[in-house]
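Asker: Using only what follows, build the 3D model:
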Amino acid sequence: MDSLGQWSVYILLCSDQSLYTGITNDVERRFHQHKTQQGAKYFRGRQPEELVYLETGHDRSSASKRESSIKKLPRTKKLQLLQSEINQASKSMDSLKIFDQDCRRCERLDDFLCAVKHKYPDYHARPVAPFGDKNAQLLIVGLAPGMHGANASGRPFTGDFAGLLLYQTLYDFGFSNKPTSDSRDDGLTLINCRITNAVKCLPPENKPTTTEINQCNKFLANELANLPANSVILALGTIAHQSVIKAYGLKLSSAAFGHNKLHVLPAGHILIDSYHTSRYNIQTKRLTGDMFADVFRTIEYQFADKNTAVRN
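Answerer: Residues are numbered from 1 along each chain as shown. Okay, the predicted model is just below:
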């Protein structure tokens, strides 16, 4: 027997401007399933764009009855429902965010950032937002901001060693207009590419805990769910790789990390792994410029194979 209050009725605005009505006991999870074509068959030919209506406080039986009654309404009546006082969608939208500048959920990270900000007043020292093309088909996932890089500049891989090879290679393969990333106001533009991190805040000693990685994983899951069809995800390092696998709701054992290794994901997405562009990996030659270029040739091949040319 379902407990009272566990189920919700929701309406999603779709890519073809239609309104889809459904029920769920987990709005975030169900939205992600629809986005990755693991939910209703209705979304095989369209994409959910936004949660526009939410009505909570149901058990499964009452939610099903309410769903049926809403589905029978003409579109004009449904639009009126979206404007009604009983609509709780705006209160739920936080669960669908890909980033929260004011997030302070991880006490250890928040305390550390406050201490860093006190020591370096000019540093960004807050969660670092994804950077790049909003509709990109290439998403690069790093580990976390570096102390004197992204944590200082407020942009991923900007101001530290790890960004040197990354941004040069992006430029070489047509994914950016400049070969370097110096600051947030340097005029750099990414082309069909966006960069994000598995953990959005600087961790002490560059080592986030498992709890912190999991806490941030919902933002990554939402970001992945919003990727266009035929997208490619490049994971820099094992933790980024595992975070992507978790975000898709898959078992870690289903896809082992391997440099320049390819994994097929739900919704037609492709995951490609690479060793991280860290100073240690490059100085020890675990990762060379040629090895990293080979990864981008694999990415190019995937776009060509899917008839998805890089936008210029």
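Asker: How about the contacts made by the residue nearest the centre of the chain?
Answerer: Against the mean C-alpha coordinate of the chain, by CA atoms, centre = their mean, the closest residue is E223 at 2.4 Å. E223 makes contact with 98-99, 130, 139, 196 under the criterion CB atoms under 8 Å, 6 or more residues apart in numbering. C-beta coordinates here come from the backbone N, C-alpha and C atoms, glycine included.
Asker: do you know how far it is from C114?
Answerer: From E223 over to C114 the distance is 26 Å, taken as CB to CB, to the nearest Å.
Asker: Name the spans of the protein whose pLDDT lies under the cut-off.
Answerer: 1-5, 90-96, 306-312 (pLDDT under 70).
Asker: hey, where'd the strands end up in it?
Answerer: 7-14, 19-24, 48-58, 131-132, 138-142, 193-197, 232-236, 262-264, 270-274 (DSSP state E).
Asker: Let's have the ones you listed in TSV, adding distance to F31 and mean neighbour count.
Answerer: Output for these, formatted as TSV (distance: least, CB to CB, whole Å; neighbours: other CB atoms under 10 Å):
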stretch	distance to F31	mean neighbour count
strand 7-14	7	22
strand 19-24	8	19
strand 48-58	6	19
strand 131-132	23	22
strand 138-142	18	27
strand 193-197	19	26
strand 232-236	19	26
strand 262-264	22	15
strand 270-274	21	23
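Asker: Could I get the full set of helices for the stretch 151-300 of the chain?
Answerer: Counting by DSSP state H, counting those that start in this stretch, the stretch 151-300 of the chain has helices at residues 162-172, 210-225, 238-247, 279-283, 289-305.
Asker: Quick one: list the elements packing against the last one.
Answerer: Applying 3 or more CB pairs under 8 Å, 6 or more residues apart in numbering; DSSP states H and E, one finds that helix 289-305 makes contact with helix 162-172, strand 232-236, strand 270-274.
Asker: To T211, which of those lies closest?
Answerer: Of all these, strand 232-236 sits nearest to T211, with 20.5 Å by CB to CB.
Asker: angle of the closest one against helix 289-305?
Answerer: Relative orientation of strand 232-236 and helix 289-305, computed by axes from the mean of the first three to the mean of the last three CA atoms, to 10 degrees: 160 degrees.
Asker: Adjacent strands (with direction) for strand 232-236?
Answerer: In the sheet, strand 232-236 lines up against strand 138-142 (parallel), strand 270-274 (parallel) (DSSP bridges).
Asker: among these, which is nearest S243?
Answerer: Of the strands paired with strand 232-236, nearest to S243 by CB to CB is strand 138-142, at 6.8 Å.
Asker: distance between that closest one and the chain's centre?
Answerer: Relative to the chain's own centre, strand 138-142 is displaced by 9 Å; criterion: CA atoms, centre = their mean, to the nearest Å.
Asker: Distance check, T210 against I299.
Answerer: The spacing between T210 and I299, counted by CB to CB, is 29 Å.
Asker: Kindly provide the distance from G146 to A136.
Answerer: Look at G146 and A136: by CB to CB, they are 22 Å apart.
Asker: Mind checking which of the two has more residues around it?
Answerer: The neighbour comparison of G146 against A136 (other CB atoms under 10 Å) goes to G146, with 25 against 21.
Asker: Run a quick neighbour tally on K78.
Answerer: K78 has 16 neighbours, counted by other CB under 10 Å.
Asker: Please report how far it lies from K35.
Answerer: As defined by CB to CB, K78 lies at a distance of 21 Å from K35.
Asker: before we move on, what about Y53?
Answerer: In this view, Y53 and K35 are 17 Å apart by CB to CB.
Asker: now T76
Answerer: For T76 relative to K35 (CB to CB), the value is 27 Å.
Asker: Quick one: residues contacting F292.
Answerer: The contact partners of F292, by CB under 8 Å, 6+ apart, come to 165, 169, 274, 277.
Asker: Perfect, I'm done here.
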